[in-house]
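> Fold the following and give me the result.
(one chain, ligands or ions: 1)
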Amino acid sequence: MCGIVGILGKNEVSPLILESLKRLEYRGYDSAGIATVNLGKLDRRRSVGKLLNLSDHLVSNPLSGKSGIGHTRWATHGAPTIVNSHPHQSGTSVAVVHNGIIENFNDLKSKLIAKGANFESETDTEVIAHLVHKFLESGMHPTDAVKETLPLLQGAFALCFLFSGEPDLMIAARQGSPLAIGYGNDEMFIGSDAIALSPLTNKISYLEEGDCAVIQRHSVKIFDQSDNLVERKINKIKPDQTRSSKDGFKHFMLKEIFEQPEALSRVITKYISADGKSITIKCSEMDLDKIEKITMVACGTAYLACATAKYWFEKFARIPVEVDIASEFRYREPPLTKDTLAIFVSQSGETADTLAALRYAKIHAKKVISIVNVSESSIARESDLAIPILAGPEISVASTKGFTNQLAVLAILALKIAAEQNQLSSPQLQTYLANLRYLPSLQNDVLDASPKIEKISRKLSKITNMLFLGRGVMHPLALEGALKLKEISYIHAEGFASGELKHGPIALIDNKVPVVVIAPTNDLFEKTISNMHEVMARDGKVIFVTDREGSEVASKGSWEIIEMPKITHLFAPIVYAIPMQLLAYYTAVTKGTDVDQPRNLAKSVTVE
Ligand code: M6R
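Here you go, the predicted structure:
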């Protein structure tokens, strides 16, 4: 995680770096810092906590200079303190900002200490500053000093260096963590992503694995892993990659929850033909008719989107599906066959574990499809086919519209594969597509019920444990409801398949534990209701999420009811996700937690 910015500018750069860091704060907000070259010397300011603190610090302690680097930190090695904040320096010759982890830093640190180096921080990053400093001291040019240092580093990193006496030089390097170069007029920029650079320039190129870029105001030289001078394509950033505002909502999360009907409509319009008869995802080269197995890999909420989609792929296409957590998949080396389609789902498209898993699948699977929100992301660029979920920028750490749009794209892809494999007749396909086209209006109906959910949430702010139960396609949604609640309200919550309750979790039930039971009146309704009664019999406080029919027949004894529109088909999670999100949101607001930037978390997880 962590966000990096670098600017060789025409004017004072601190305010611009601060502005860009704000756009990267979703990557981490434990501490922040900026270093500049001013009158030939390195100078820096660092603050613990959110960027606002750095901004205040800069008001009382301004930082001059027309070249600078900045960093917003998600702590890995060492607590969020001033000395552990980036930029790190060794002596006065070099400053560095880093995103990633240097795995062999202990070994490097011991060797440097043995040679007399003094370390001020507990970070892995500081070894990089010391190594470069050592090479500079031996008389090397900064470019050579960095090039000598990079092969000594093991792990994942994106780095940006600044040097004293070099106001027209930045050096950037990428191995495992993303980094973009922005091209201006007599100015150059470095950023962890295009969003950071979008107010500064619309011309971006992405460094590739092993690249090292030597940047001056009028030139950029990029060297690849083998030190060959290479060119990287310059892309124009699209306006939708720019960060948006809260538009009057109290939090980005609430705004993004309410954006779901519109975001879902974009997916439907883009991937379903206007006459509702066919799917328009362009994938003729993917040989979808020849696939015999599907492996789906992701993390967190994206993983739960995959777990939901497993039901769709198996039901519609009758293809066996395995769903895996990326951090497990990548080291398990699962046997993939050449008839396996590997699908990777990631909102950010930069999640380190998902990217590493994708690279394994690229070698062993037939084809790799990614489902991403950021079309220019590393995961998108390394896939055989990237299908954008068109959710628009998702700023809140808790994924909401990202999740429901991932589900929608996966549902359409499942139908597409089913059709290619002749598992669906045209009328069947059209019925399913009609079901999907109706979902945005059902999402709107649920959003209208948000005051009721807000009222229920007020009763949850004092509780310490909560359970979520669902069956079939609603089981992953129970897990998602629990994840959302713990992520932003810090209330311990767990999701279970309702049939599993009596195999252990039922021991947790008493009159202090609210249990959300997700039960549309589908073919599994009666079974879920039996499990709900098992909870009620033990004094559990049931929050019953069902449609009118369900509420009429089974609500007796519930603590609260959230009434949903009638949806009996398998796509119901795309609508039932909303009450889970609203419950978590309003509970967090009542508790007064930091909804958009919950503690210990970051939006883009670029370390493993
Ligand atoms: O960007 P990604 O979709 O790859 O991120 C995966 C998870 O880190 C993410 O879904 C996380 O679980 C969310 N914060 C959950 O709301």
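
> Every contact and neighbour count from this point should use C-alpha atoms.
Noted.

> list the contacts for the nearest residue to Thr340 once chain neighbours are set aside?
Spatially, and ignoring its direct neighbours in sequence, Thr340 is nearest to Lys293 (4.7 Å; C-alpha to C-alpha, 6 or more residues apart in numbering). Lys293 is in contact with Ile319, Pro320, Val321, Asp339, Thr340, Leu341, counting by C-alpha atoms under 8 Å, 6 or more residues apart in numbering.

> Tell me the one of the residues you listed nearest Ser198?
Leu341 (34.7 Å; C-alpha to C-alpha).

> and the residue in the stretch 401-550 of the chain that the ligand sits nearest to, how many neighbours?
Residue nearest to the ligand within the stretch 401-550 of the chain: Lys484 (5.8 Å; C-alpha to the nearest ligand atom). Burial of Lys484 is recorded as 25 neighbouring residues (other C-alpha atoms under 10 Å).

> Quick check: it is in a helix.
Yes. Judged by DSSP: H, G, I helix; E, B strand; the rest coil, Lys484 forms part of a helix.

> Beyond the worst-scoring helix or strand of the chain on mean pLDDT, next helix or strand please.
When the helices and strands of the chain are compared on mean pLDDT, DSSP states H and E, helix 194-197 comes out lowest with a mean of 86. Downstream of helix 194-197, the first helix or strand assigned by DSSP states H and E is strand 203-206.

> what pairs with that next one, and is each one parallel or antiparallel?
Strand 203-206 has the following strand partners under DSSP bridges: strand 180-183 (antiparallel), strand 235-236 (antiparallel).

> what is the rounded mean pLDDT of the longest one?
Strand 180-183 carries an average pLDDT of 96.

> same deal with stretch 425-433?
Averaging pLDDT residue by residue across stretch 425-433 gives 97.

> buried ones in it?
Of the residues in stretch 425-433, Leu429, Gln430, Tyr432, Leu433 count as buried by neighbour count, 16 or more other C-alpha atoms under 10 Å.

> and the third one, what helix or strand is that in?
Taking DSSP H and E as the definition, Tyr432 sits inside helix 426-437.

> what comes into contact with that helix?
Ser265, Ile268, Ile272, Gly276, Lys277, Ser278, Ala408, Ile412, Leu415, Ala419, His569, Phe571.

> Can I get that helix in PDB, CA atoms only?
Taking Å, rounded to 0.1, in the frame of the first residue of the first chain, the C-alpha atoms of helix 426-437 are listed here in PDB:
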ATOM      1  CA  SER A 426     -32.400 -18.200 -26.400                       C
ATOM      2  CA  PRO A 427     -35.700 -17.800 -24.500                       C
ATOM      3  CA  GLN A 428     -34.000 -18.900 -21.300                       C
ATOM      4  CA  LEU A 429     -31.200 -16.500 -21.900                       C
ATOM      5  CA  GLN A 430     -33.600 -13.700 -22.600                       C
ATOM      6  CA  THR A 431     -35.500 -14.400 -19.400                       C
ATOM      7  CA  TYR A 432     -32.300 -14.200 -17.300                       C
ATOM      8  CA  LEU A 433     -31.300 -11.000 -19.100                       C
ATOM      9  CA  ALA A 434     -34.700  -9.500 -18.400                       C
ATOM     10  CA  ASN A 435     -34.300 -10.400 -14.700                       C
ATOM     11  CA  LEU A 436     -31.000  -8.500 -14.700                       C
ATOM     12  CA  ARG A 437     -32.400  -5.500 -16.500                       C
END
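
> and that helix, how far out from the chain's middle?
31 Å (C-alpha atoms, centre = their mean, to the nearest Å).

> State the distance from Met564 to the ligand.
Here Met564 is placed at a distance of 23 Å from the ligand (C-alpha to the nearest ligand atom, to the nearest Å).

> again with Ala361
Counting by C-alpha to the nearest ligand atom - Ala361 and the ligand are separated by 16 Å.

> Skipping its backbone neighbours, what lies nearest that residue in space?
Ala342 (6.6 Å).

> Show the pLDDT at the one you found.
97.

> so who does it touch?
Ile294, Thr295, Met296, Val297, Leu358, Ala361, Ala365, Lys366, Lys367, Val368, Ile369.

> now swap in Lys566 and tell me
Pro520, Thr521, Asp547, Arg548.

> before we move on, what SS does the first one have?
Which is Pro520. Classification of Pro520 using three-state DSSP returns coil.

> Please verify my assumption that it contacts Ile567.
Yes. Pro520 is within contact range of Ile567, at 6.9 Å (criterion: C-alpha atoms under 8 Å).

> So which of those two has more stuff around it?
Just comparing Pro520 and Ile567: by other C-alpha under 10 Å the higher neighbour count belongs to Pro520, 30 against 19.

> Name the nearest residue to the more buried one, ignoring sequence neighbours.
Using C-alpha to C-alpha, 6+ apart, the closest residue to Pro520 is Thr546 (4.8 Å).

> Can you pull the phi and psi angles for that neighbour?
phi -150, psi 180 (degrees, to the nearest 10).

> Tell me, how many residues neighbour it?
25.

> hang on, the earlier thing: which two from the contacts of Ala342 end up farthest apart in space?
Farthest pair in the contacts of Ala342 (C-alpha to C-alpha) is Val297 and Lys366. Separation: 15.0 Å.

> hang on, the earlier thing: quick one: closest of the strands paired with strand 203-206 to Ala302.
Of all those, strand 180-183 sits nearest to Ala302, with 24.6 Å by C-alpha to C-alpha.

> what element comes up after that closest one heading to the C-terminus?
strand 188-191.

> if we can go back for a sec, what about the nearest residue to the residue of the stretch 401-550 of the chain closest to the ligand once chain neighbours are set aside, neighbour count?
Leaving aside its sequence neighbours, Lys484 sits nearest to Ala584 (C-alpha to C-alpha, 6+ apart; 5.9 Å). Other residues near Ala584 number 29, with proximity taken as other C-alpha under 10 Å.

> Close to the ligand: what parts of this structure are there?
Contact residues (C-alpha under 6 Å from any ligand atom) of the chain with the ligand: 299-302, 346-349, 351, 397-399, 484, 603-605.

> From the residues you listed, which land in helices?
Gly300, Thr301, Ala302, Lys484 (DSSP state H).

> any idea how far the first one is from Val230?
According to C-alpha to C-alpha, to the nearest Å, Gly300 stands 36 Å off from Val230.

> check contacts around Val267.
Val267 neighbours (C-alpha under 8 Å, 6+ apart): Ile389, Leu390, Asn405, Ala408, Val409.

> tell me which element the last one falls in.
So the one you mean is Val409. helix 401-420.

> Just the buried residues of the contacts of helix 426-437.
When those are checked for burial by 16+ other C-alpha under 10 Å, the buried set is Ser265, Ile268, Ile272, Gly276, Lys277, Ser278, Ala408, Ile412, Leu415, Ala419, Phe571.
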